[in-house]
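> can't give you the sequence, but here's the structure:
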Ligand code: ADP
């Protein structure tokens, strides 16, 4: 579970990256984080992983209070998170298998655990049979699948995917996003940072839109779920503030609707919670073979790395 309460972040340069951000992500949720360049998305993800610290407010991540987390607890926090980067960050001189074995070894997993877990995640992401290949022998889409497998292999509570489709063939973006949705269906909480409006609309999940370091919207259904309502019932104050608000490099084709839907944020947590409660169940992506779905709970339990056992037990959502 992730909780941001009135979080602010001002960098040493004086840049106010976050100006009072509140939201809550429950275990097992799928959430898109969207917003123009410079809006604060990376700042949110870096705060989540403990890479940087907030200037003000409170942050809880998977049971860790980041306001008073000890330095030696940071690796434990990170074991609850799997991160997928837009540029994959694979070890190019290691095979597919070795890329996964490496991260399992880091957390002290046994060879036995690796022999069970790695084939499972490779099948889940559709890379079975590619164990001996090097990353540069894989297509862009396959490399990103491997990066997703790596994020998943230590059975984290949550995956943070930072623009996971930015460097894959547009035709394969849908597959990557649906794979993330399938993994979410198995119980892993998913936070996906993206600019891909079409994919966000297609998946119909919760969307947190951020702009100028503030939450602009937090709703389920698509990039602009209430755009029609906002257009038909404009509030004078909102229209005025939208005009004054500086535009941060909107994506091509987005500028018009960004302007129409821009309004003051709703920092109150109650509003965020209401949005979550009203969340429409997401459509199931459903392309994982049933036997993989059925075996997920047993497999995760069997191969949970000992060193991460306390979190893994709590996090074993797959059988929920
Ligand atoms: P996004 O990921 O949405 O593009 P960021 O979180 O990277 O946005 O940036 C939010 C704001 O914080 C921007 O104004 C950016 O210039 C600033 N910023 C980000 N990182 C740093 C940093 N290390 N030092 C100073 N300012 C930064």
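Okay, I see it. Please read these numbers as outputs of a predicted model, since none were measured by experiment.

> how about low-confidence regions in the stretch 201-320 of the chain?
225-320 (pLDDT under 70).

> separation between the closest residue to residue 62 other than its chain neighbours and residue 173?
Distances taken as C-beta to C-beta, 6 or more residues apart in numbering put residue 80 closest to residue 62, at 4.0 Å, once the chain neighbours are dropped. C-beta coordinates here come from the backbone N, C-alpha and C atoms, glycine included. Distance of residue 80 to residue 173, computed by C-beta to C-beta, to the nearest Å: 27 Å.

> same deal with residue 189?
21 Å.

> Looking at those two now, which is surrounded by more residues?
Neighbours were counted for residue 189 and for residue 173 using other C-beta atoms under 10 Å; residue 189 has more, 24 against 20.

> Which strand residues bridge that one?
Beta-bridge pairing for residue 189 (DSSP bridges): residue 158.

> pretty sure it contacts residue 160?
No. Between residue 189 and residue 160 there is no contact under C-beta atoms under 8 Å: 9.3 Å.

> Residue 23 against residue 4, yeah?
Yes. With contact defined as C-beta under 8 Å, residue 23 reaches residue 4; the gap is 5.3 Å.

> Please report how far the residue nearest to residue 62 lies from residue 167.
Using C-beta to C-beta, which is the criterion applied here, residue 80 is 26 Å from residue 167.

> who has more neighbours, those two?
Taking neighbours as other C-beta under 10 Å, residue 80 and residue 167 compare with residue 80 leading, 21 against 14.

> Tell me if I'm right that that one and residue 73 touch.
No. Contact criterion C-beta under 8 Å: residue 80 and residue 73 do not qualify, at 10.8 Å.

> shared neighbours, those two?
residue 64 (C-beta atoms under 8 Å, 6 or more residues apart in numbering).

> who has more neighbours, residue 23 and residue 4?
Per other C-beta under 10 Å, whichever of residue 23 and residue 4 has more neighbours is residue 4, with 26 against 23.

> Just say helix, strand or coil for the more buried one.
strand (DSSP: H, G, I helix; E, B strand; the rest coil).

> tell me the contacts of it?
Applying C-beta under 8 Å, 6+ apart to residue 4 gives the contacts 21-24, 44, 47, 57-59.

> Could you give the bridge partners of it?
Beta-bridge partners, per DSSP bridges, of residue 4: residue 23, residue 59.

> Closest to the centroid, which residue in this structure?
The chain has residue 191 as the residue nearest its centroid, 1.9 Å off, counting by C-alpha atoms, centre = their mean.

> Figure out the helix or strand that it lives in.
According to DSSP states H and E, residue 191 maps onto strand 189-193.

> And that strand, what does it pack against?
Secondary-structure packing of strand 189-193 (3 or more C-beta pairs under 8 Å, 6 or more residues apart in numbering; DSSP states H and E): strand 30-34, helix 41-48, strand 158-162, helix 170-185.

> tell me the angle of the first one relative to strand 158-162?
If you take axes from the mean of the first three to the mean of the last three C-alpha atoms, to 10 degrees, strand 30-34 sits at 30 degrees to strand 158-162.
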